[in-house]
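Need a 3D model of the following:
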Amino acid sequence: MMVHTTFLLSTFIASIKKNKKTCFILAFTILILFAMLRYDFGNDYMSYLGNDIQIRNNGVPTLTDLLFVALTKICPSFYVFVAVSSLISMIPIYYLIINYVDENYRHISLLIYCINPYLFLMSLSAIRQTLAAAFFIIAIHFSIKRRLIPYILCIIIASLFHKSALILFLFYFVANDKMVSRFQLTVAIAGLLVLVFVEGFFNLFVQLGLDFFKIPNYAYYASLRTGNSLRATLLSLVFLGYIMLNIRKMKGTTLAFTKLYLIGCMLSILAYRLSMFTRFQMYFDIFSVVSIPMIIKMNRSLIATADQRYRLINKYMFPILIFTIYILRYYSFFTNPMWESFTEYHTIFSQILN
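A predicted model of the protein is given here:
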């Protein structure tokens, strides 16, 4: 109940029309405090605690990423580590929304951040990758300004929190305001279809990735060959269709973020073949908090003389369908025994006061 109440309160405060920036700061601060003060919340919390104990006892930690271990050692306790890592992870998201989303649509950004369980909630479990994703967000700021060296440095830092971030070097050439042509979209969709339906190409693609990363856990998950359900994939197609329909109308920084989110949508389709792709999807889905609200803003300004069927589908039907899917996924998340550790919130005070 605490989780749902926090999300509702944050979204409500962010939607207040007076003093919009102050209200948004307050709403986001509530989420930051929720993250900083948590205890035994999320599937991986206790395993991170065990790893922390090993590091502080000069044992051999399970997780050995250089900057992750360094951050653990710098922090005087695991509780401080959780608080500091939460700040590092969430502050770039705050600035992402405050700098690139119209103030009248920031509450929609916050709603997406909360209601999509694989954004805020999952970030509280996947700490290393969330830290890496935070530096990717910072890197994108430099990519938009076409500053290659700072971008590379940010990705190096990200990869020292989670090795999977090495793949993010490539996206300097995507995160820009260059218009996406119909030909490029056609090639992208054709490539996606080939990977989904042609097993030989898909296996080669996966093997190249495994050879590049050489992460034992990835090899293990790939060997399981488990994929997302057909229903989940069909629902993901709605998001892909919405972005494809609107991306050529986007401009400036919003276009850059929309292109990145499009990659996330495509990875969600590839997850039908291998669910491990959702691990990479995490790096790109966060940009939905900019892309979707700004597409909604753009489509609300469509003049009445525009094609009425287009206006009906793009201005009303798609957003309603998208937020319905978010609600269904939110409900499914909290009723799935796999994510039971997210249903009951505890704070560090319950431990400190004992």
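
in the stretch 101-250 of the chain, which spans are helices?
106-115, 120-123, 127-144, 148-159, 182-197, 199-213, 216-224, 230-246 (DSSP state H, counting those that start in this stretch).

Quick one: those helices as JSON lines, columns for mean neighbour count and mean pLDDT too.
Backbone N, C-alpha and C define where each C-beta goes, glycine included. Shown next, in JSON lines, are the helices of the stretch 101-250 of the chain (neighbours: other CB atoms under 10 Å; pLDDT from 0 to 100):
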{"stretch": "helix 106-115", "mean neighbour count": "24", "mean pLDDT": "96"}
{"stretch": "helix 120-123", "mean neighbour count": "23", "mean pLDDT": "95"}
{"stretch": "helix 127-144", "mean neighbour count": "24", "mean pLDDT": "96"}
{"stretch": "helix 148-159", "mean neighbour count": "18", "mean pLDDT": "96"}
{"stretch": "helix 182-197", "mean neighbour count": "13", "mean pLDDT": "92"}
{"stretch": "helix 199-213", "mean neighbour count": "14", "mean pLDDT": "81"}
{"stretch": "helix 216-224", "mean neighbour count": "13", "mean pLDDT": "68"}
{"stretch": "helix 230-246", "mean neighbour count": "17", "mean pLDDT": "93"}
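
Can you tell me which of these is nearest to residue 283?
Among the helices of the stretch 101-250 of the chain, the nearest to residue 283 by CB to CB is helix 127-144 (5.3 Å).

what's the angle from that closest one to helix 148-159?
Angle between the axes of helix 127-144 and helix 148-159 is 170 degrees (criterion: axes from the mean of the first three to the mean of the last three CA atoms, to 10 degrees).

May I have helix 127-144 exported as PDB, CA atoms only?
The C-alpha coordinates for helix 127-144 follow below in PDB (Å, rounded to 0.1, in the frame of the first residue of the first chain):
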ATOM      1  CA  ILE A 127      21.500  -1.000  -8.800                       C
ATOM      2  CA  ARG A 128      24.700  -1.400 -10.900                       C
ATOM      3  CA  GLN A 129      22.900  -1.100 -14.200                       C
ATOM      4  CA  THR A 130      20.900   1.800 -12.900                       C
ATOM      5  CA  LEU A 131      24.100   3.600 -12.000                       C
ATOM      6  CA  ALA A 132      25.400   2.900 -15.500                       C
ATOM      7  CA  ALA A 133      22.200   4.200 -17.000                       C
ATOM      8  CA  ALA A 134      22.500   7.400 -15.100                       C
ATOM      9  CA  PHE A 135      25.900   8.100 -16.700                       C
ATOM     10  CA  PHE A 136      24.300   7.200 -20.100                       C
ATOM     11  CA  ILE A 137      21.700   9.900 -19.600                       C
ATOM     12  CA  ILE A 138      24.600  12.400 -18.800                       C
ATOM     13  CA  ALA A 139      26.400  11.100 -21.900                       C
ATOM     14  CA  ILE A 140      23.400  11.800 -24.100                       C
ATOM     15  CA  HIS A 141      23.500  15.500 -23.000                       C
ATOM     16  CA  PHE A 142      27.000  15.700 -24.500                       C
ATOM     17  CA  SER A 143      26.000  13.700 -27.600                       C
ATOM     18  CA  ILE A 144      23.200  16.200 -28.400                       C
END
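
surely residue 255 meets residue 144?
No - using CB atoms under 8 Å, residue 255 is not in contact with residue 144, being 9.8 Å away.

Could you tell me which residues touch both of those two?
Taking CB atoms under 8 Å, 6 or more residues apart in numbering as the criterion, residue 255 and residue 144 both touch residue 177.

Excluding chain neighbours, give the residue nearest to residue 49 in space.
residue 78 (5.6 Å; CB to CB, 6 or more residues apart in numbering).

Next, count neighbours for the one you found.
20 (other CB atoms under 10 Å).

chain center to stretch 251-271, what's the gap?
11 Å (CA atoms, centre = their mean, to the nearest Å).

Show me where the chain dips below the pLDDT cut-off.
Residues of the chain that meet the criterion pLDDT under 70 lie in 60, 213, 215-216, 219-224, 302-307, 353-354.

show me what contacts residue 260?
Residue 260 sits next to 140, 171, 174, 175, 284, 287, 291 when contact means CB under 8 Å, 6+ apart.

Can you list phi and psi of the fourth one for me?
Geometry field for residue 175 lists phi and psi as phi -80, psi 80, criterion degrees, to the nearest 10.

Relative to residue 35, which of the helices of the stretch 101-250 of the chain is closest?
Across the helices of the stretch 101-250 of the chain, residue 35 has its closest neighbour in helix 120-123 (7.8 Å, CB to CB).

Could you double-check that residue 285 sits in contact with residue 257?
No - the criterion here is CB under 8 Å, and residue 285 misses it with residue 257 at 11.4 Å.

Tell me who's in contact with residue 56.
By CB under 8 Å, 6+ apart, the neighbours of residue 56 are 72, 73.
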